[in-house]
Structure formats: C-alpha cells, structure tokens
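>>> Just a sequence and a predicted model for now, questions to come.
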Amino acid sequence: MRRFLAIGECMVEMAPETDGRYRLGFAGDTFNTAWYMRQLAGPQVRVGYLSAIGDDAMSRRMADFMADAGIEAALAVRPGETIGLYVISLDRGERSFSYWRSASAARHLADDLTDLTHLSPGDMAYVSGITLAILPDAGRRRLISALGRAAANGARVAFDPNLRPALWRDADLMRRRIMEAAGTADIVLPSFDDESAHFGDGDQQATAERYAAAGAATVLVSNGAKDTLVLSGGTVRMIATDPAEDVVDTTAAGDSFNAGALCALAGGASAEEAARRGAAVARQVIAARGALVPLRSEG
C-alpha cells in the first residue's frame with residue numbers, strides 16, 4: 001500500500017480532564033483511524049484525509065493540525081460554513097457524546113466528487129457509515145459510485161458500517177445505503193452490537209456472512225471486549241481478545257482497532273493476525289483519555 005485515504009468528518013473535540021476542565025482537540029471516526037494509521041504505517045505510506053471545512057479560524061486550525069500530524073488533507077473549503085463540535089462525557093470509562101454539527105461543511109464533502117483521485121492498485125480507501133449518514137442522499141450515492149470505481153481500478157476499499165440511526169432519515173434507508181457501500185468493499189469491519197440491533201443478526205457469523213454475500217473478501221466482526229470473529233477465504237475463526245487492564249476512556253476504541261487491523265492487512269498479514277493487531281492497538285487507546293492517543297512502538 002502506497003496510499004491510505006480516509007473519507008469523512010473531523011470535528012472539534014472537547015475531552016474531559018481529571019480536574020474538570022476540557023481539552024480542545026480534533027477528532028472524528030474516520031479521521032481517528034487515519035491518525036492512528038499515520039503512527040502505525042511506515043514513511044513510505046501516504047496517509048490522506050478527504051473532507052470539507054469552512055473558511056473560519058477553527059477550520060484553518062484543524063487543517064493545520066492535520067498537516068502537523070503528517071496527514072495529507074484534501075479539504076474542500078465551503079465559504080460561510082464551519083466544522084462540527086462534540087463534547088465527551090465519561091462515566092467509569094464509558095463515554096457518551098453531545099454533538100453540534102448542523103453547520104458542518106463536511107456534509108458537502110461529496111458535492112463535487114467524481115473520482116477518488118490518485119488511488120492506484122493496492123492503495124486503500126476507507127469510509128464509514130457515519131460518513132454516509134451526514135451526507136444528503138445524492139452525496140451518498142455519489143460517494144458510493146466513486147468507491148465502486150476505485151475498487152474496479154484496483155484500489156482496496158475498507159468500510160466500517162458504524163451504524164448511527166439518529167443521523168439517518170429512517171432505518172430502512174440506513175440499511176439500504178450501508179449494504180450498497182459494503183458492496184464496494186474488500187474489507188468490512190462491523191461491530192456486532194450495532195449489527196444485531198439494526199440488522200437483527202443472531203450472532204457474529206450471521207453478520208460476517210451477510211457482508212461476505214455483499215462482496216467482502218475479509219470481514220472482522222468485533223464484539224466489544226469479547227472475541228472477534230474473522231471471516232476470510234471462506235473460513236470463519238474466533239480470535240480471542242485479551243482483556244484490557246485499565247479502561248479509562250473507550251473513545252476511539254473501534255477506530256484504533258480498525259487502524260491496527262487495516263495496517264496489518266495492507267502489510268500482508270493474515271486476517272487473524274490483523275484482528276490481534278487491532279485489539280492490541282485499541283487496548284493502548286482505551287487506557288488514556290481522548291480520541292487521539294500517542295502509541296507506544298510495540299502497538
């Protein structure tokens with residue numbers, strides 16, 4: 001893999017500190033994965049982020065943050081708009097979020113999108129169900145078509161369904177667009193809790209088989225702190241997950257898992273090893289506060 005391109009919305013993050021104050025940062029599901037990928041991938045891999053921002057000071061500050069992190073930002077500037085914001089609330093390590101995103105320019109990231117430029121065979125595009133959810137339906141269809149063309153041209157598409165029904169007009173539309181996007185993907189990274197609740201899957205294997213039927217060659221079905229189910233090459237295996245010793249903040253647990261797993265897959269690791277690598281990265285992340293946590297070299 002020479003290039004990893006994540007697509008979605010990055011927002012202002014207000015994360016609680018131990019003294020009751022809040023720390024300002026920038027984060028968002030697909031951006032978090034890009035940020036961890038930048039830490040994990042070698043210097044030969046270009047890590048990019050495709051989105052849209054406003055023309056205000058906070059948008060410019062976020063663009064500078066991406067550049068300082070070594071992430072190549074492809075950010076369409078929408079005059080008069082800004083970026084979204086969310087606040088994390090913590091209760092014994094478990095997080096909840098309050099969002100302000102109605103004026104987010106990222107809703108227009110696919111307005112002018114025709115193709116995912118510069119992706120070559122073997123490169124990877126990464127998108128989530130949240131990316132789809134924030135777009136108008138014409139934008140969703142445009143993005144899904146661009147992903148399909150990228151896959152046809154030899155790029156790998158990775159997709160985290162990240163089901164958030166509150167962001168969608170209705171559940172049927174959510175399920176339909178999620179499965180259309182999954183049909184472009186070589187790798188799908190669902191969470192069983194979400195899939196069970198919104199697709200009615202009885203177990204992790206049912207989730208994996210549904211995405212495999214849509215066309216995915218590799219499916220990693222996470223299940224919180226429980227074992228990860230891996231479907232690859234027509235074979236299903238359960239991969240044991242070592243328990244985390246210290247859970248401080250579960251923000252970005254799934255995003256960091258995805259980065260570890262995708263980096264491993266891009267480097268030629270087996271799907272089983274990719275699941276283990278993803279879990280190891282996530283264990284580091286949930287032991288600290290906030291979405292973006294510097295990783296130790298052992299990952």
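Here it is on my side, so go on.

>>> going forward, measure contacts and count neighbours with C-alpha atoms only.
Noted.

>>> what sits up against stretch 101-111?
For stretch 101-111, contacts defined as C-alpha atoms under 8 Å, 6 or more residues apart in numbering pick out 8-10, 50-54, 76-78, 81-86, 134-136, 139-140, 142-143.

>>> Give me the mean pLDDT for stretch 74-85.
Stretch 74-85 shows an average pLDDT of 95 in the prediction.

>>> Show me which positions of it end up buried.
By neighbour count on 16 or more other C-alpha atoms under 10 Å, the buried set for stretch 74-85 is 74-78, 81-85.

>>> With stretch 67-74 instead?
Those would be 71-74, for stretch 67-74 by 16+ other C-alpha under 10 Å.

>>> what separates that stretch from the chain centre, distance-wise?
17 Å (C-alpha atoms, centre = their mean, to the nearest Å).

>>> got a list of contacts for it?
Under C-alpha under 8 Å, 6+ apart, the answer for stretch 67-74 is 34-35, 38, 46-52, 63, 66.

>>> Mind pulling up the pLDDT for residue 20?
Residue 20 is given a pLDDT of 86.

>>> That should have said residue 26, apologies.
96.

>>> how about the helices in the chain?
All helices of the chain, identified by DSSP state H, fall at 29-40, 57-68, 129-134, 137-152, 171-182, 192-199, 204-214, 253-266, 271-285.

>>> Tell me who's in contact with residue 56.
Counted by C-alpha under 8 Å, 6+ apart, residue 56 has contacts 80-82.

>>> quick one: it and residue 131, what's the gap?
Distance of residue 56 to residue 131, given as C-alpha to C-alpha, to the nearest Å: 22 Å.

>>> What of residue 113?
14 Å.

>>> neighbour-wise, which of these two wins?
For residue 113 and residue 131, the more surrounded residue by other C-alpha atoms under 10 Å is residue 131, and the numbers stand at 25 against 14.

>>> Touching, the more buried one and residue 7? I think so.
Yes: taking C-alpha atoms under 8 Å as the definition, residue 131 is a contact partner of residue 7 at 7.0 Å.

>>> Now the common contact residues for those two.
residue 30.

>>> still on that earlier bit, I'd like the helices of the chain as a markdown table, with mean pLDDT and distance to residue 235 appended.
Shown next, in a markdown table, are the helices of the chain (pLDDT from 0 to 100; distance: least, C-alpha to C-alpha, whole Å):
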| stretch | mean pLDDT | distance to residue 235 |
| --- | --- | --- |
| helix 29-40 | 97 | 27 |
| helix 57-68 | 98 | 39 |
| helix 129-134 | 98 | 26 |
| helix 137-152 | 96 | 23 |
| helix 171-182 | 98 | 19 |
| helix 192-199 | 97 | 18 |
| helix 204-214 | 98 | 10 |
| helix 253-266 | 97 | 16 |
| helix 271-285 | 95 | 10 |
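
>>> between these, which gets nearest to residue 96?
helix 253-266 (13.3 Å; C-alpha to C-alpha).

>>> Need the contact partners of that closest one.
Under C-alpha under 8 Å, 6+ apart, the answer for helix 253-266 is 1, 29-30, 32-34, 36-37, 40-41, 189, 270-271, 273-283, 285-286.

>>> So what angle separates the directions of it and helix 29-40?
50 degrees (axes from the mean of the first three to the mean of the last three C-alpha atoms, to 10 degrees).

>>> can you give me the offset of helix 253-266 from its chain's centre?
That offset, for helix 253-266, works out to 9 Å (C-alpha atoms, centre = their mean).

>>> In PDB, please show the C-alpha coordinates belonging to it.
Presented in PDB, the C-alpha positions along helix 253-266 are these (Å, rounded to 0.1, in the frame of the first residue of the first chain):
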ATOM      1  CA  ALA A 253     -11.600   2.100  20.600                       C
ATOM      2  CA  GLY A 254     -13.100   0.900  17.300                       C
ATOM      3  CA  ASP A 255     -11.400   3.500  15.200                       C
ATOM      4  CA  SER A 256      -7.900   2.500  16.500                       C
ATOM      5  CA  PHE A 257      -8.800  -1.200  16.200                       C
ATOM      6  CA  ASN A 258      -9.500  -0.500  12.500                       C
ATOM      7  CA  ALA A 259      -6.200   1.300  12.000                       C
ATOM      8  CA  GLY A 260      -4.200  -1.600  13.500                       C
ATOM      9  CA  ALA A 261      -6.100  -4.200  11.600                       C
ATOM     10  CA  LEU A 262      -6.000  -2.400   8.200                       C
ATOM     11  CA  CYS A 263      -2.300  -1.600   8.600                       C
ATOM     12  CA  ALA A 264      -1.600  -5.300   9.200                       C
ATOM     13  CA  LEU A 265      -3.800  -6.400   6.300                       C
ATOM     14  CA  ALA A 266      -2.100  -3.900   4.000                       C
END
